[in-house]
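Trainee: The following comprises the amino acid sequence and a computationally predicted model.
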Amino acid sequence: MHDPILTLRPTMSETRLLLTLDDDECLRAILPGPTQAHPLAAHTLLEGLALWFQRPLSVVSCVADEDSTSALGLSDGFGFGKRTLHYEVRVLDPRRRGRRLAVAGGFRELRQLGLRGVR
C-alpha cells in the first residue's frame with residue numbers, strides 16, 4: 001500500500017483538496033482561500049491527516065503563483081516544498097508540466113496533477 005496523496009490547489013478565493021489512497025478517493029474539500037485561514041491551518045490539517053492514516057502524506061501543491069503556496073506556509077520563497085515527519089510537499093506549476101488539462105479547476109484536474117507530482 002502506498003502513502004496517501006493529498007493534492008491541493010490554492011487560489012486567492014478557495015483551496016481545493018483531493019486525498020487519494022491507491023486508486024480510491026478518500027476526501028474532497030473546497031475550503032476558503034489561504035489568506036482567510038490561520039497561519040498554521042494547513043500544517044495542522046496535513047499533520048492530522050497523516051496521523052489519521054498512520055503514515056506520511058505525499059502532498060502536491062498545484063499553484064500558478066507563488067503567493068498562494070507561501071500563504072499556506074507549505075513552501076519557502078524559492079518554491080521548494082516543506083518537508084516534515086508527517087508530510088512532504090512538492091510544488092507543481094500546472095502551466096509548466098506536460099500538456100494542458102481539459103477540466104480547469106475541477107477535481108479531475110487535481111487527480112491528474114497529483115499523479116504528475118508524485119512521479
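Mentor: That came in fine, so what should we check first?
Trainee: roughly how far apart are Leu40 and Glu47?
Mentor: Counting by C-beta to C-beta, to the nearest Å, the gap from Leu40 to Glu47 is 10 Å. The C-beta positions use only the backbone N, C-alpha and C, and glycine is treated the same way.
Trainee: Those two: who's more crowded?
Mentor: Neighbour count, other C-beta atoms under 10 Å: between Leu40 and Glu47, Glu47 has more, with 16 against 10.
Trainee: Tell me who's in contact with Leu51.
Mentor: Applying C-beta atoms under 8 Å, 6 or more residues apart in numbering to Leu51 gives the contacts His86.
Trainee: which SSE is it in?
Mentor: Per DSSP states H and E, Leu51 falls inside helix 41-53.
Trainee: would you put the C-alpha positions of that helix in CSV?
Mentor: This file holds the C-alpha atoms of helix 41-53, laid out as CSV (Å, rounded to 0.1, in the frame of the first residue of the first chain):
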residue,chain,number,x,y,z
ALA,A,41,-4.1,25.7,9.5
ALA,A,42,-2.5,23.9,6.5
HIS,A,43,0.3,22.4,8.6
THR,A,44,-2.2,21.2,11.3
LEU,A,45,-4.5,19.8,8.6
LEU,A,46,-1.7,17.8,6.9
GLU,A,47,-0.3,16.6,10.2
GLY,A,48,-3.8,15.5,11.3
LEU,A,49,-4.4,13.6,8.1
ALA,A,50,-1.1,11.8,8.3
LEU,A,51,-1.9,10.8,11.9
TRP,A,52,-5.3,9.6,10.8
PHE,A,53,-3.8,7.3,8.1
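Trainee: Would you mark the buried spots in it?
Mentor: Residues of helix 41-53 classed as buried by neighbour count (16 or more other C-beta atoms under 10 Å): Ala41, Ala42, His43, Leu45, Leu46, Glu47, Leu49, Ala50, Phe53.
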